[in-house]
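Novice: what's the 3D shape of this:
(one chain, ligands or ions: 2)
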Amino acid sequence: MTPPKTANHTNSINPFLTLNYESALESLGDDYYDEVAAAEFPQHILRWRNNALLPRLGLDPQAVTDEDFISAFGKFEGRKPLLALRYHGYQFGEYNSRLGDGRGFLYGQIRGTDGELYDLGTKGSGTTPYSRGGDGMLTLKGGVREVLAAELLQRLGVRTSRCLSMIETGLGLWRGDEPSPTRSSVMIRMSKSHIRFGTFERLHYLKRPDLTKKLLDHVIETYYQHLNAENDKYALFYAELVQRVAELVAQWMAAGFCHGVLNTDNMSITGESFDYGPYAFIPTYDLHFTAAYFDYYRRYCYGQQPSICHLNLEMLQEPLKAVIDIVDLQTSLARFAEYYQAEYRTLMLKKLGFENCKFAQADELLALTITFLQESQISYHQFFSDMAFTFSSKWRDEPAFVMNTSEIVPTLGSSPIFDNWCVLYHQILNQFDPNQMENTAKTLAKYNPASTLLRPVIESIWEPIMQEDNWQPFYNLVEQFQV
Ligand SMILES: Nc1ncnc2c1ncn2[C@@H]1O[C@H](COP(=O)(O)OP(=O)(O)OP(=O)(O)O)[C@@H](O)[C@H]1O
Ligand SMILES: [Mg+2]
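Specialist: Ligands and ions are numbered 1, 2, ... in the order given. Down below sits the predicted model:
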């Protein structure tokens, strides 16, 4: 990504308005949404345009001006209807029937060049019937954080939504968790559906099994098309959702990502990751690490993520029971751990340099790596990025050569676990042909990017923005995530 280009507005039609919008969700009828209007902002400064996503919408980045972004995604000119979606959800275990898009709406749905249907949804675009006294806005820092998280997560192979644009909107917002007044932004998120587990939970709460079935048909037709012709498509849908969610959590865990707010209104029915609010990447392998300062009981801590997602899937059975046999639902959910473990194992072995996971001692290596990371409390990110950076085929020669040029290893002092780990890694490398070492180096580099988003890194990006409106460090970092 390059910084936003200077506006070069012509009088031609905005390319975003010429896209072939589909009315998939709108055609379900107004039981599922409310038509809303966007806020009018005092200022529109384009801070981020995700050129990497434009080709997927069938657009040539060169043909889209900054002014086009501002007109479409800051001023919301020329597009209707804008739909605030209705949903409920379990928040920190408590059912909340007063939710819904309180600061966003569905801007439109577009078939990507890959054949998938994408939602363009806003965040920070003003109040709706679901704002519950909130201002309907997103802080600039919140926007910056969400752009960064999505780009790094996609780099790390997580199935994630991404931000298409972020526009600074010139308001001063009051927030308890940021020095206030703080700057405002409006963001466009491109995702594979904004239908949440909570969208179904609302229909159950309203005792509308007819609407549940209608929505389920829509979800299968639109996002699980390959199941549409099957006789037992509903049961198969849930079985696949279980697998997708289990794999998603495994992707977070391998990435060292703690989502922070795994309420059921933040769980997508397509098994995609979204809503990067109080998230954090783990500094060290600590199962109790908790991202949200308001998560007093560590409900959504790093190590709880698999069991919370399992629980959220289990609670989703309640509305789905209107259409799917409970035995089928339970049988599918029983496979969650198996899917999770298979994906986690595969991803961690990739981080350790092995694309092909079928080798002797693979499980031993994985278990010892986790024990080492946990007991040493070495930097989770730096351990793997150092492996990638310092890997050498010489590691085959002696256990003592393994990671011997790493910066982080000397900080360990004497560590019997690390010594055992080196012996094991050395043994494993010797199971392979010497000419495989190049592949190991490539795998390590692919799955362990040098850059990270630990909290101090985010602060180091935010500081120059806040102090001197210097966005260059932000652009530089996103560019590294997009290679
Ligand atoms: N500033 C605000 N004004 C109005 N409603 C808000 C505001 N912040 C959050 N909400 C609403 O509170 C609920 C929970 O918020 P949460 O932070 O999970 O979602 P969100 O970040 O607003 O949106 P999304 O889940 O699409 O990323 C949602 O219904 C959301 O719309
Ligand atoms: Mg949310």
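Novice: C-terminal to the helix ranked longest in the chain, what's the next element?
Specialist: Longest helix in the chain by number of residues (criterion: DSSP state H): helix 233-255. Along the chain past helix 233-255, the next helix or strand (assigned with DSSP states H and E) turns out to be strand 257-258.
Novice: packing partners for the longest helix of the chain?
Specialist: Contact analysis of helix 233-255 by 3 or more C-beta pairs under 8 Å, 6 or more residues apart in numbering; DSSP states H and E lists helix 209-223, helix 305-320, helix 326-333, helix 336-351 as its packing neighbours. No exception for glycine: its C-beta is placed from N, CA and C like everyone else's.
Novice: tilt between it and helix 209-223?
Specialist: For helix 233-255 against helix 209-223, the angle by axes from the mean of the first three to the mean of the last three C-alpha atoms, to 10 degrees is 60 degrees.
Novice: for helix 233-255, the distance to its chain's centre please.
Specialist: Helix 233-255 sits 14 Å away from the centroid of its parent chain (C-alpha atoms, centre = their mean, to the nearest Å).
Novice: find the closest residue to ligand 2 in this structure.
Specialist: Scanning the chain for proximity to ligand 2 using C-beta to the ion identifies residue 275 as nearest, at 4.0 Å.
Novice: didn't that residue look like it was pressed against residue 262?
Specialist: No: assessed by C-beta atoms under 8 Å, residue 275 is found out of contact with residue 262, at 9.6 Å.
Novice: and the closest residue to ligand 1 within the stretch 151-300 of the chain, what pLDDT?
Specialist: Using C-beta to the nearest ligand atom, the point where the stretch 151-300 of the chain gets nearest to ligand 1 is residue 275, with a distance of 3.3 Å. Residue 275 carries a pLDDT score of 98 in this model.
Novice: swap in residue 7?
Specialist: 44.
Novice: before we move on, back to that, so can I have JSON lines of the helices and strands packed on helix 233-255 showing mean neighbour count and mean pLDDT?
Specialist: As requested, those are exported to JSON lines (neighbours: other C-beta atoms under 10 Å; pLDDT from 0 to 100):
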{"stretch": "helix 209-223", "mean neighbour count": "18", "mean pLDDT": "98"}
{"stretch": "helix 305-320", "mean neighbour count": "19", "mean pLDDT": "98"}
{"stretch": "helix 326-333", "mean neighbour count": "16", "mean pLDDT": "98"}
{"stretch": "helix 336-351", "mean neighbour count": "18", "mean pLDDT": "98"}
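Novice: with distance to ligand 1 added, can I get the ones you listed in TSV?
Specialist: TSV is the format used below for these (distance: least, C-beta to the nearest ligand atom, whole Å):
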stretch	distance to ligand 1
helix 209-223	17
helix 305-320	14
helix 326-333	24
helix 336-351	23
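Novice: switch those helices over to a markdown table; also include distance to residue 65.
Specialist: Converted to a markdown table, the helices and strands packed on helix 233-255 look like this (distance: least, C-beta to C-beta, whole Å):
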| stretch | distance to residue 65 |
| --- | --- |
| helix 209-223 | 31 |
| helix 305-320 | 41 |
| helix 326-333 | 48 |
| helix 336-351 | 39 |
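Novice: how about the helices in the stretch 1-150 of the chain?
Specialist: With DSSP state H, counting those that start in this stretch as the definition, the stretch 1-150 of the chain shows helices at residue ranges 66-73, 140-155.
Novice: mean neighbour count, those: which tops it?
Specialist: Between the helices of the stretch 1-150 of the chain, helix 140-155 has the highest mean count of neighbours, a mean of 24, where neighbours are mean count of other C-beta atoms under 10 Å.
Novice: right, and the helix or strand after that helix?
Specialist: Downstream of helix 140-155, the next assigned helix or strand under DSSP H and E is strand 162-173.
Novice: ok now the helix or strand just after that next one, how far from the chain's centre?
Specialist: Using DSSP H and E, the helix or strand that follows strand 162-173 in sequence is strand 182-191. For strand 182-191, the separation from the chain centroid amounts to 15 Å (computed by C-alpha atoms, centre = their mean).
Novice: one more: stretch 165-177?
Specialist: Mean-position distance between stretch 165-177 and its chain equals 22 Å (C-alpha atoms, centre = their mean).
Novice: list the contacts of it.
Specialist: Contacts made with stretch 165-177 from outside it, assessed by C-beta atoms under 8 Å, 6 or more residues apart in numbering, are listed as 41-50, 69-70, 73-74, 124, 135, 137, 139-140, 143-144, 147, 180-188, 293.
Novice: the residues you listed also near ligand 2: which ones?
Specialist: Contacts with ligand 2 are made by none of the contacts of stretch 165-177, judged by C-beta under 5 Å from the ion.
Novice: the domain parsing of this structure - what is it?
Specialist: With domains defined by the TED database, the chain comprises 15-194, 202-347, 353-447.
Novice: ends of the shortest one, how far apart?
Specialist: It stands for domain 353-447. From its first residue to its last, domain 353-447 covers 8 Å (C-alpha to C-alpha, to the nearest Å).
Novice: what does the longest one give?
Specialist: Domain 15-194 stretches 23 Å from its first residue to its last (C-alpha to C-alpha).
Novice: residues touching the nearest residue to residue 236 once chain neighbours are set aside, list them.
Specialist: Using C-beta to C-beta, 6 or more residues apart in numbering and skipping residues adjacent in sequence, the residue nearest residue 236 is residue 227, 4.8 Å away. Under the criterion of C-beta under 8 Å, 6+ apart, the contact list for residue 227 reads 220, 233, 236-237, 240.
Novice: shaky segments in the stretch 301-450 of the chain?
Specialist: Low-confidence regions of the stretch 301-450 of the chain, defined by pLDDT under 70, are absent; no residue qualifies.
Novice: make it 90
Specialist: For the stretch 301-450 of the chain, the stretches with pLDDT under 90 are 356-359, 408-414.
Novice: return the residues of it in contact with ligand 1.
Specialist: Taking C-beta under 6 Å from any ligand atom as the test, the list of the stretch 301-450 of the chain residues beside ligand 1 is empty.
Novice: send me stretch 459-468 as PDB with only the CA atoms.
Specialist: Coordinates of each C-alpha in stretch 459-468 appear next as PDB, following Å, rounded to 0.1, in the frame of the first residue of the first chain:
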ATOM      1  CA  GLU A 459       1.600   2.700  20.300                       C
ATOM      2  CA  SER A 460       4.700   3.500  18.200                       C
ATOM      3  CA  ILE A 461       2.500   3.800  15.200                       C
ATOM      4  CA  TRP A 462      -0.200   5.800  17.000                       C
ATOM      5  CA  GLU A 463       2.300   8.200  18.700                       C
ATOM      6  CA  PRO A 464       3.500  10.000  15.500                       C
ATOM      7  CA  ILE A 465      -0.100  10.200  14.200                       C
ATOM      8  CA  MET A 466      -1.300  11.700  17.400                       C
ATOM      9  CA  GLN A 467       1.700  14.000  17.900                       C
ATOM     10  CA  GLU A 468       2.500  15.300  14.400                       C
END
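Novice: give the buried residues for that stretch.
Specialist: By neighbour count with 16 or more other C-beta atoms under 10 Å, stretch 459-468 contains the buried residues 461-462, 465-466.
Novice: out of those residues, the closest to residue 306 would be?
Specialist: Nearest to residue 306, judged by C-beta to C-beta, of the buried residues of stretch 459-468 is residue 461 at 30.0 Å.
Novice: quick one, what contacts the closest one?
Specialist: Here residue 461 is in contact with 144, 148, 473-474, 477 (criterion: C-beta under 8 Å, 6+ apart).
Novice: helix or strand for it, which one?
Specialist: The secondary structure element spanning residue 461 is helix 455-468 (assigned by DSSP H and E).
Novice: having no further points to raise, I will conclude here.
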